[in-house]
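Enquirer: Please find the sequence and the predicted model below.
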Amino acid sequence: MGVMTAMPRTGEEWTVDDLDRLPDDGLQYELLDGLLLVTPAPVLMHQRAIGNLHLALRRACPPGLEVFLSPVDWRPDLRTSLQPDLLVVRAEDVAVKNITVPLVLAVEVLSPSTRRKDLVLKRSKYEDSGVQSYWLVDPAEPSVLALDLSDGRYVDAGEARGSERLVLQRPFEIDLVPAELVAPPARSGS
């Protein structure tokens, strides 16, 4: 993956209306408090982790909640539009185009170009906006760090590396093994 770029703007900050006028050119455009963030397309290991985690979340997701893959815009205010790699929302909060209420779960899969954005900037915005759970998946290690909101701040809910098993209760019960998230699909013998 290439380098994430922050695009300054002369005069006024970016808004979600400005974002809606940008071209569909294969880049990921996000807003964070009025700052435009541009990220190139992800690498295959990143996509494999997202795909495998999406399947695990879908299997474990209880009725009343729904799992989505990026790109889905989460717009908590007029100056922010983020696209978590995976997100879980209440079924009644699913709109036609964007999600505007706090997420039940936001998942970011780290890459060299998004690491700082995911670890610091997005974490802070998710926390301040009431996103109940935030997971950081590192396909390079592989590892999963799960954070849950408690009294307005994220606290560690669990962490696992490699072949360690991580059993989480929030936002619903799920059992994960980080190494399995980056493993290629098993091939059946002939």
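Expert: Cool, the structure landed.
Enquirer: Run through the strands of this structure in chain order.
Expert: Ranges of strands in the chain, per DSSP state E, are 5-7, 28-32, 35-39, 65-69, 74-77, 80-82, 86-90, 105-109, 133-138, 143-150, 153-161, 166-168, 174-176.
Enquirer: Between these, which has the poorest mean confidence score?
Expert: Here the strands of the chain differ in mean pLDDT, and the lowest is strand 5-7 at a mean of 53.
Enquirer: Which residue, neighbours along the chain excluded, lies closest to the residue nearest to the spatial centre of the chain?
Expert: What sits nearest the mean C-alpha location of the chain, by C-alpha atoms, centre = their mean, is P84, with 2.7 Å. Counting by C-beta to C-beta, 6 or more residues apart in numbering, P84 lies nearest to A106, which is 4.0 Å off, once chain neighbours are set aside. Placement of C-beta: from N, CA and C, glycine included.
Enquirer: quick check: longest helix of the chain.
Expert: helix 44-60 (DSSP state H).
Enquirer: Tell me the buried residues in that helix?
Expert: M45, H46, R48, A49, I50, N52, L53, H54, A56, L57, A60 (16 or more other C-beta atoms under 10 Å).
Enquirer: Contact partners for the residue nearest to the last one when sequence neighbours are not counted?
Expert: I take that to be A60. Leaving out its chain neighbours, the residue that sits closest to A60 by C-beta to C-beta, 6+ apart is I174, at 4.2 Å. I174 is in contact with A56, L57, A60, V167, L168, counting by C-beta atoms under 8 Å, 6 or more residues apart in numbering.
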